[in-house]
Structure formats: structure tokens, C-alpha cells
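Student: Fold the stuff below for me.
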Amino acid sequence: MKIKWPENKKFAFTIVDDTEESTVENVKPIYDLLYDNGLLTTKTVWVYQSRDNYTGECLLDDNYLKFIIDLKAKGYEVGLHNVGSGEFKREEIVKGLDLFNEKLGFYPNLHINHSSNPDNIYWGNERYQFILRTIFRILHGGKREFYGSDEGSDYFWGDICKMRIKYIRNYTFNDINTLKNDPLMPYIDKRKEQYSNYWFSSSDGHTVEEFNTLIRKENVDRLENEGGACIVYTHFAYNFVDSKGRVNKDFLRNIEYLSSKDGWFVPAGTILDFLLSCKESHYASKAYLTRLDLRWVVDRIIKKIKFNR
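Tutor: Coordinates of the predicted model:
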């Protein structure tokens, strides 16, 4: 049964852009293109400058902050990709969230765990159900790698996450119809309920290559025919714009075709809020989440073979 989307739209589509390597110079042309084509999406940010090998601008950079404020004014959603890249302890995380609010006028509604940050919430072994959790523990020698939900850790901020963050991303699948792969999203994982609220999945557009493969014409047509929802996870700083500020031609063509369709092009939080309002039960069973675990593993293997990533 197809969902009846607002405004009688035929499907829903959005993008969540992870902020690593992101600068005004290398992503603004993308957002200009999206805006010109009527696509409102979600951009994650860092509050602080990076402390590890990742680069990218943050809310402490005046020009970048101005760019983010302009995006918000245009209707884009601004989410969190941890307060920064690297090690940030509880006091800095709490202060960082307050800085986010001070500079933008609101607290983030949506959070994406970043890479190997030790303050990630329910990540690493904790991310999965029993089968994968056990395998990952064995592979990592039983060591815990992420501490956002560990009350005894300097990196703990689970209580703040529970209070401030409504949605956290978990699985990423290769298929364009995210909702077809995870029809219960956004859902509550009872095992993680103490320090998180709702979880959602995404479709893989990691770099411009995966993104263009994902939203090629035949896939967009299928998404429309299925009446589904796509939440693409990507990094617009990863070669979507060349050194001369030119947008990738295939991406430009794909976005123009997508925007010609009768889709509901709103930020991820808006889509998730709508899906949440359509549901009576918000809990996902262990069996359901185990199926998502296994589907995710299969998709990661396929991606490795296809893109070597």
C-alpha cells in the first residue's frame, strides 16, 4: 500500500549531507542548484574545528556560519554531525550544543554519528543486534570503541542526546527507496531507548559516484512508481564540485530530471515527522532489526565489490 504523501505528491525525496571536508566554496554551488530546482534538504554541521585528519569549516568560521544561516532561512534543515571531528569530551559537547543554539537559534533535531568519534551514540558493537554485535565484538577483541552512551566515560552525552536529538541515522542501503528497505522508520530501538529517541535509515550516495548511480533516471522512475521515500546520505564535498566551482555534469542532469517529477522535496526531519504521524506503534522488534542488520551486511559487500569502498 502506497503512502498518501502531503500535497498529493507521488513520492518523497531528500538528502542528508555529512559535513566533513565541507567549505562554502566546495558545497555552495550544490545548494544553489538544489534551491533553484526546488529541493529542500538537510545539511549537517560541526560546531568546532576538526581535531583529526578530517578538514572542513564549522560554525566558528564567520563565512560558513553566514552560509548556514542563509540555508536555514531558505528552508533547509541544519543537523549535527557531532560537535566536531575527533575527541570532544562531555563538557565541550554540552557547550557545543549550546553554541549551536546560540548561533542558529535552535538545537539540532537530527544527528549523524561521525566516523570514529569516541562520543558517537550507540555505535560500533552497540549499533547492531545480537548476531552482528557478537561478530563485531570478536573482531575488535571485545573492546568498546564508542562511549556516547557510557555513563562512566568522559565522552558521555547520552542524557543530552535524549533531551535534544529526535532522530539519529543508523543503516545505509544501496536501494533508492529507503522506506521500502526500512518501512518502520522512524522507529524506537528498545535496547537503545535510554539515551536515544528515533532511528532512521538512508540510501547510499556516499560520493558523487554512488550518488549519480543511485538517482539515475530509471531509479527515480521506480521510486515514483513505488510511491516511496528516499533519504540519501552523502558528502557534497566529495567531488560534486570541481576546482573551478563547476557542478558535476551527471549530477546536474540527474537533479534536473528528479526535480521535474511530482515529488515531495522537503528536509529529512520533515519527512520523518510525517512518517511518525502515520504510525500507531513506534517500536521495532529484535527480529525486524536483525533483518535490517543482515540486509545492511549484504549491501556493504555489494558496495565493496562495485565501488571498492
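Student: all helices for this structure, in order.
Tutor: 24-36, 62-74, 90-104, 130-139, 158-164, 178-181, 208-214, 217-226, 249-259, 268-277, 286-307 (DSSP state H).
Student: if you compare these, which one is most tucked away?
Tutor: Among these, judged by mean count of other Cβ atoms under 10 Å, the one packed with the most neighbours on average is helix 178-181 (a mean of 23). Where C-beta positions appear, they are placed from N, C-alpha and C, glycine not excepted.
Student: Using PDB, write out every CA atom in that helix.
Tutor: C-alpha atoms of helix 178-181 as PDB (Å, rounded to 0.1, in the frame of the first residue of the first chain):
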ATOM      1  CA  THR A 178      14.800   3.900   1.700                       C
ATOM      2  CA  LEU A 179      11.300   3.300   3.000                       C
ATOM      3  CA  LYS A 180      11.000   0.000   1.200                       C
ATOM      4  CA  ASN A 181      14.100  -1.300   3.000                       C
END
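Student: quick revisit: out of the helices of the chain, nearest to residue 10?
Tutor: Across the helices of the chain, residue 10 has its closest neighbour in helix 217-226 (5.2 Å, Cβ to Cβ).
Student: for the closest one, packing partners?
Tutor: For helix 217-226, the contact count by 3 or more Cβ pairs under 8 Å, 6 or more residues apart in numbering; DSSP states H and E identifies strand 11-17, helix 249-259 as packing neighbours.
Student: Can I get the shortest one as CSV, trimmed to CA atoms?
Tutor: I take that to be strand 11-17. Provided in CSV are the C-alpha atoms of strand 11-17 (Å, rounded to 0.1, in the frame of the first residue of the first chain):
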residue,chain,number,x,y,z
PHE,A,11,6.9,10.2,-3.6
ALA,A,12,9.3,11.8,-1.1
PHE,A,13,12.9,12.6,-1.6
THR,A,14,15.6,14.4,0.4
ILE,A,15,19.3,14.4,1.1
VAL,A,16,21.4,14.4,4.3
ASP,A,17,24.8,15.9,3.6
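Student: returning to that earlier point: can I get the helices and strands packed on helix 217-226 in JSON lines with mean pLDDT?
Tutor: Shown next, in JSON lines, are the helices and strands packed on helix 217-226 (pLDDT from 0 to 100):
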{"stretch": "strand 11-17", "mean pLDDT": "98"}
{"stretch": "helix 249-259", "mean pLDDT": "98"}
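Student: In JSON lines: those, plus distance to residue 107.
Tutor: Output for the helices and strands packed on helix 217-226, formatted as JSON lines (distance: least, Cβ to Cβ, whole Å):
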{"stretch": "strand 11-17", "distance to residue 107": "17"}
{"stretch": "helix 249-259", "distance to residue 107": "30"}
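Student: Next one, pLDDT for the residue lying closest to residue 80 once chain neighbours are set aside please.
Tutor: Once flanking residues are discounted, residue 80 sits nearest to residue 108: 4.0 Å by Cβ to Cβ, 6 or more residues apart in numbering. pLDDT, residue 108: 98.
Student: these two touch, right, residue 108 and residue 163?
Tutor: No. Counting by Cβ atoms under 8 Å, residue 108 sits too far from residue 163 to count as a contact (11.8 Å).
Student: So for residue 33, which of the helices and strands packed on helix 217-226 sits nearest?
Tutor: Using Cβ to Cβ, the helices and strands packed on helix 217-226 put helix 249-259 closest to residue 33, at 6.1 Å.
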